[in-house]
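> sequence first, predicted model second:
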Amino acid sequence: MISINDLSLSFGGFTLLDNINFHISDGDRIGLVGKNGAGKSTILKLILGIESPSSGKILKPVDLKIGYLPQQMAHNKDKSVIDETMTAFADILALNDKLDAISQELAERTDYESDTYQKLIVEMNDITDRLSYLSGESPQMLAEKTLVGLGFKREEFNRATSTFSQGWNMRIELAKVLLRRPDILLLDEPTNHLDIESIQWLEEYLQGFSGSLVLISHDRKFLDNCTNRTVEVLLGHIYDYKVNYSKYVTLRAERIEQQKAAFENQQRMIEKSEEFIEKFRYKPTKSNQVQSRIKQLEKLDRIEIDEEDHSTLTVRFPQAPRSGDVVFETKDAKIGYKNQDGSDKIILKSANLLVKRGEKVAFVGRNGEGKTTMMRILTNELTPFDGVAKIGHNVNIGYYAQNQEDILNGNDTVFDTLDKIAVGDIRMKLRDILGAFLFKGEDIDKKVSVLSGGERSRLAMAKLMLNPYNLLALDEPTNHMDIRSKDVLKQALIAYNGSIILVSHDRDFLDGLVDKIYEFKDGEVREHLGGVNDFLRRKRIESFRDLEIQSSSKSSQQVVNKDVKKSEEKKISGAAQYRAQQEAKRIANKRNSIERAITQLEEKMAEIEKQLSEPAPDTDVISLTRDYLELKRDLDYKMEQWAQLE
């Protein structure tokens, strides 16, 4: 389908891509991976023709239909959400208009035997065939279904796009790309502005997509679920693996180890051959053997080890000063902000949450449900209209804002950004801190305005290292970060001994990091104990249950409407009674099973509590505490199951 042949791209004496070759075939599902700045987005732009290579060629069919979603783009602000989305069907609408025009012309003409009349007939048949091929659900239905999947509510369809944030407008662009049904999708970090449920919807869509896919993403699970081939861009070169991301990581490590072993073996052989040549070079009796060894070395295909980019973050947050037991709390808080006309915009009607010292908590939910607004309450940018919101005793907040382009001054240099706020001895360590976040040499003199999204994320995170905070409030900290940087940041946050409140949609990043989740939905905040996988499992169960309840309710209503009198007078049949008894028995058995599990968990927890209360010298308190928290999460989940059955 698309062939990239001997392609190179250089500028300013720097070679970004060096003689790369790979092929995109029909049905390929490629994850394009590599560090920020490696050239991934540039490859997509080269395929599209937005940029031109220094040398080499890209071959693709003339009629290839490409769907492209860049990281940043201009958005139409003059239409409603649904009208802007419907522009994806401009080709179909134009074909319909053309068909109407031809039909009208044929109805008015009488020269049935003329060549022009016959050409109109052929053209009409071609258009009809094309529309038949494109037909299916109505464009309006497809547009609405896609918008709902990407997180829009139906009551928002007629809102002007200008009233939505850049992230929501990006969703509209994504909807348009998907609805055009391209032959190949080129998606550059499509999940950056999606919440967890929308990411799951997009995953399912892409899994059913019949065309080819080239995907740039820093979401490991998203890559694993949507791709089966991984193309790595590393130091200007391409490495192609016919597996998903997780398997690629393993195969890449094995390949490097095999190269190193083969290289070392060859070096030992070369060293021995050179020693033999040097030792017997001038002995006539060994001349034939010496010449043979010389020729052998000349013909030898020398093994080279692939260059590796070992640069990575080295993050370790300062020790957190001790705070009070309660870090942040809201009680019956009515939260929102003032509209331009002075009216109140209520987002959260009665929010109750409690974050204690040492807890690592995630805020999740659909964008616009109040997660960032709650962060603004936390940082005193907003106050509740009603109710209580308070920070705990001796709490010092380090805040990472999502909108770095507004928080960071574009006219400052990288070094100035830290130098302006650093005080005391930390000023002597600014270059070391910046180096830990991959700002080295001339990088520290760059203006913030020219930094990439990933570089701005790293710089904002570096600011948090300047003070020993005991509460980190992080709003989407991994947007634009590459996978390796996210892994290092995650490990640093796990090791951090303070409290964390984290807004994120990155499941892999949250997994194993947070132990409590607050879900923001429909103006309310709901607490979920346990990790992100527990939360997602429960959400799936709830979704199916809600679906069954709606289906059952609809079915019952249809029966009532059909024959109310008969419904009132009928008696339960023997078969219905039997089914009811069997269902009651099934529920009772399940309840008993859950109760036994709860008893076992409580016994194990009691045993650990006993060990922790009287620890022996060799007791591993940290391991016991970790086991206790795992048991507590399992117990909370079992208790929820039991409550649902009750």
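On my side now, so go ahead.
> residue 8 - that's part of a helix, no?
No: using DSSP: H, G, I helix; E, B strand; the rest coil, the assignment for residue 8 is strand, not a helix.
> in the sheet, who's paired with it?
Taking DSSP bridges as the rule, residue 8 bridges to residue 55.
> distance from the chain centre to stretch 284-304, please.
55 Å (C-alpha atoms, centre = their mean, to the nearest Å).
> buried residues in that stretch?
Neighbour counts over stretch 284-304 (16 or more other C-beta atoms under 10 Å) mark 290, 293 as buried. Where C-beta positions appear, they are placed from N, C-alpha and C, glycine not excepted.
> how is the protein partitioned into domains?
Domains of the chain are assigned by automatic domain parsing as 248-299, 326-530, 588-646.
> out of those domains, which comes closest to residue 64?
Among these, the nearest to residue 64 by C-beta to C-beta is domain 248-299 (26.7 Å).
> hang on, the earlier thing: got a markdown table for the domains of the chain, with distance to residue 106 too?
Listed next are the domains of the chain as a markdown table, based on distance: least, C-beta to C-beta, whole Å:
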| stretch | distance to residue 106 |
| --- | --- |
| domain 248-299 | 57 |
| domain 326-530 | 50 |
| domain 588-646 | 64 |
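> wait, residue 158 touches residue 79, no?
No: using C-beta atoms under 8 Å, residue 158 is not in contact with residue 79; the gap is 10.2 Å.
> contact partners for residue 530?
515-517, 633, 636-637 (C-beta atoms under 8 Å, 6 or more residues apart in numbering).
> any idea how far residue 397 is from it?
25 Å (C-beta to C-beta, to the nearest Å).
> regarding stretch 32-44, how distant is the last residue from the first?
10 Å (C-alpha to C-alpha, to the nearest Å).
> what about residue 212, neighbour count?
21 (other C-beta atoms under 10 Å).
> now swap in residue 114 and tell me
By other C-beta under 10 Å, neighbour count at residue 114 equals 11.
> show me the contacts for residue 105.
residue 120 are the contacts of residue 105 under C-beta under 8 Å, 6+ apart.
> just the element for it, please.
helix 90-108 (DSSP states H and E).
> and that helix, how far out from the chain's middle?
Taking mean C-alpha positions (C-alpha atoms, centre = their mean), helix 90-108 and its chain are 43 Å apart.
> now swap in stretch 291-305 and tell me
With C-alpha atoms, centre = their mean, you get 48 Å for stretch 291-305.
> check stretch 258-273 too.
42 Å.
> so which bits of it are buried?
residue 273.
> which of residue 158 and residue 79 has more neighbours?
Comparing residue 158 with residue 79 by other C-beta under 10 Å, the one with more neighbours is residue 79, at 15 against 10.
> can you add pLDDT and secondary structure and give the contacts of residue 530 back as a markdown table?
A markdown table is the format used below for the contacts of residue 530 (pLDDT from 0 to 100; DSSP: H, G, I helix; E, B strand; the rest coil):
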| residue | pLDDT | secondary structure |
| --- | --- | --- |
| 515 | 89 | coil |
| 516 | 92 | strand |
| 517 | 92 | strand |
| 633 | 69 | helix |
| 636 | 71 | helix |
| 637 | 71 | helix |
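> out of those, who has the most neighbours?
The contacts of residue 530, ranked by neighbours (other C-beta under 10 Å): first place residue 517, 23 neighbours.
> which residues of the stretch 51-200 of the chain fall in helices?
81-86, 90-108, 115-134, 139-149, 166-179, 196-208 (DSSP state H, counting those that start in this stretch).
> actually the stretch 301-450 of the chain, not the one I typed
Taking DSSP H, counting those that start in this stretch as the criterion, the stretch 301-450 of the chain carries its helices at 371-378, 404-407, 414-419, 430-436.
> and the closest residue in space to residue 469 that isn't next to it in sequence, how far is that from residue 458?
Ranked by C-beta to C-beta, 6 or more residues apart in numbering and with sequence neighbours excluded, the top spatial neighbour of residue 469 is residue 398, at 3.4 Å. According to C-beta to C-beta, residue 398 and residue 458 sit 15 Å apart.
> and if you look at residue 56?
Taken as C-beta to C-beta, the span from residue 56 to residue 458 is 32 Å.
> okay, the two: which has more neighbours?
residue 458 (24 against 16).
> ok, residues contacting the helix or strand where that one lies?
Here residue 458 is covered by helix 453-463, with elements defined by DSSP H and E. If you take C-beta under 8 Å, 6+ apart as the criterion, helix 453-463 is touched by 36-37, 71, 313, 315, 400-401, 404-405, 407-408, 414, 417-418, 421, 433-434, 436-439, 446, 448, 451, 477-482, 485, 489.
> which strands or helices does the helix or strand hosting residue 274 pack on?
Under the criterion of DSSP H and E, residue 274 resides in helix 245-280. For helix 245-280, the elements it packs on are strand 29-33, helix 220-226, strand 229-234, strand 237-241, helix 287-299, judged by 3 or more C-beta pairs under 8 Å, 6 or more residues apart in numbering; DSSP states H and E.
> shaky segments in the stretch 501-646 of the chain?
540-583, 586, 613, 621-623, 625-626, 628-629, 633, 644-646 (pLDDT under 70).
> could you pull out the strands for it?
Assigned by DSSP state E, counting those that start in this stretch, the strands in the stretch 501-646 of the chain fall at 516-521, 524-529.
> for residue 179, find the nearest of the domains of the chain.
Per C-beta to C-beta, nearest to residue 179 of the domains of the chain: domain 326-530, 20.5 Å.
> just how off-centre is the closest one within its chain?
The answer for domain 326-530 is 17 Å, by C-alpha atoms, centre = their mean.
> can you check stretch 119-136 too?
The answer for stretch 119-136 is 40 Å, by C-alpha atoms, centre = their mean.
> just the CA coordinates for that stretch, please, in CSV.
Provided in CSV are the C-alpha atoms of stretch 119-136 (Å, rounded to 0.1, in the frame of the first residue of the first chain):
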residue,chain,number,x,y,z
LYS,A,119,-22.8,9.4,-20.7
LEU,A,120,-25.2,10.8,-18.2
ILE,A,121,-26.7,7.3,-17.7
VAL,A,122,-23.3,5.8,-17.2
GLU,A,123,-22.3,8.6,-14.7
MET,A,124,-25.6,8.1,-12.8
ASN,A,125,-25.0,4.4,-12.5
ASP,A,126,-21.4,5.0,-11.3
ILE,A,127,-22.7,7.4,-8.6
THR,A,128,-25.4,5.0,-7.6
ASP,A,129,-22.9,2.2,-7.3
ARG,A,130,-20.6,4.4,-5.2
LEU,A,131,-23.5,5.4,-2.9
SER,A,132,-24.6,1.8,-2.6
TYR,A,133,-21.0,0.9,-1.5
LEU,A,134,-21.0,3.7,1.1
SER,A,135,-24.5,3.1,2.3
GLY,A,136,-25.3,1.6,5.7
